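Chemist: Provide a 3D model corresponding to the input given below.
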Amino acid sequence: MAKQERILAGETAAITGGARGIGRATAAAFLRRGMKVAIGDVDLEAARQTASELGPSAVGLPLDVTDRGSFSSFLDGAEEQLGPVDVLVNNAGIMQIGPFIEEDDLTARRMVDINLHGVIFGMKLALARMIPRDRGHIVNISSQAGKFGSPGGATYSATKHAVVGLTEAVRGELRLMDAHIALCYVMPYVVKTELGGGLGQARGLSELEPSEVADAIVDALRFGTVEVWVPKRARRTNQLVTMLPRRLSETMGRAMKADRVLAEADTISRRDYELRASRSQPGLEVAPEQPQIPTGAGD
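Modeler: Coordinates of the predicted model:
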């Protein structure tokens, strides 16, 4: 039986990390559907500029996803200006890559705080608003690294695996509560954003435009999809790999060069992004010495 399409017009969405990349594209896609959008970002100027460019139904608000108070204030501001939040997109995230044994602890902590704790804060705060209304939808941006551990991005992969497990567990809890709140997680391949710049390429897959991910998110809201693969054909690859013995699945991954997407990143082209990401969390103390970005293959 076909799922009944949900009408999105008139609903309010809040998007974290919404000033650029997937967040901005998702805001634009929501607005085309007649939604109202609150764009939250640690870079307030960029958030406001994006909102101004997208139109009067968008607002830009300050947001540090690692700070519960900041996240709560973001949702308060969204509801004060646009109405009750129907959709939260936990999009904010960073990816600092390199060999695991060379990764400094501050880098690991930063990724866990933004990529995982930021999602946890957002889900708890949004659910506190949605459950009494018995409606709402939370979209968590994971990655295909959240299904396949990616060499060169061990901690990043760990955070995205955690987002998948977190979403599935909370879905189960909501079901036991008989709460009508939808949760889903989105797993894109490499996207043409700053975060995805300078990465290697797997055979048979092409870089995605942010708009492709945004369109997949819109469809997930419309039809209630839980596990959102972008591109869709990646789902079939995952199904095949999980059926194969480990030796064969790993051989297949090596043949596709899937194990080199992060491990063979171009450090020079990623340098500006990596440095910006290292300063993207105001809540952390500055390390005594700023770590140097490795110049060898794999970062």
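Chemist: Residue 89 and residue 15 touch, don't they?
Modeler: Yes. Between residue 89 and residue 15 there is a contact under CB atoms under 8 Å: 4.4 Å. Quick note: C-beta positions are derived from backbone N, CA and C, even for glycine.
Chemist: which residues are in contact with both of these two?
Modeler: Shared contacts of residue 89 and residue 15 (CB atoms under 8 Å, 6 or more residues apart in numbering): 23, 26.
Chemist: Quick check on residue 60: phi, psi?
Modeler: Per-residue torsions, residue 60: phi -110, psi 130 (degrees, to the nearest 10).
Chemist: those helices in the stretch 151-299 of the chain, which residues are they?
Modeler: Applying DSSP state H, counting those that start in this stretch to the stretch 151-299 of the chain gives helices spanning 154-177, 210-223, 234-243, 246-255, 267-278.
Chemist: show me where pLDDT drops low in this structure?
Modeler: 1-2, 252, 281-299 (pLDDT under 70).
Chemist: Phi, psi for the residue nearest to the spatial centre of the chain please.
Modeler: Geometric centre of the chain, nearest residue: residue 141, 2.9 Å, by CA atoms, centre = their mean. The phi and psi values for residue 141, taken as degrees, to the nearest 10, are phi -80, psi 110.
Chemist: now do residue 16
Modeler: According to degrees, to the nearest 10, residue 16 has phi -90, psi 150.
Chemist: Was I right to think it contacts residue 64?
Modeler: No. Residue 16 lies out of contact with residue 64 (CB under 8 Å); the separation is 9.9 Å.
Chemist: With neighbour numbers in mind, choose between the two.
Modeler: Using other CB atoms under 10 Å as the criterion, residue 16 and residue 64 rank with residue 16 on top: 27 against 24.
Chemist: Residues in a beta bridge with that one, which ones?
Modeler: residue 40 (DSSP bridges).
Chemist: Give me the distance between it and residue 78.
Modeler: Using CB to CB, to the nearest Å, one gets 11 Å for the distance from residue 16 to residue 78.
Chemist: shared neighbours of these two, which are they?
Modeler: residue 40.
Chemist: Near residue 210, how many other residues are there?
Modeler: Residues within reach of residue 210, counting by other CB under 10 Å, total 21.
Chemist: my bad, residue 250
Modeler: Neighbours around residue 250, by other CB under 10 Å: 14.
Chemist: Residue 148 versus that one, what's the distance?
Modeler: Using CB to CB, we find residue 250 at a distance of 10 Å from residue 148.
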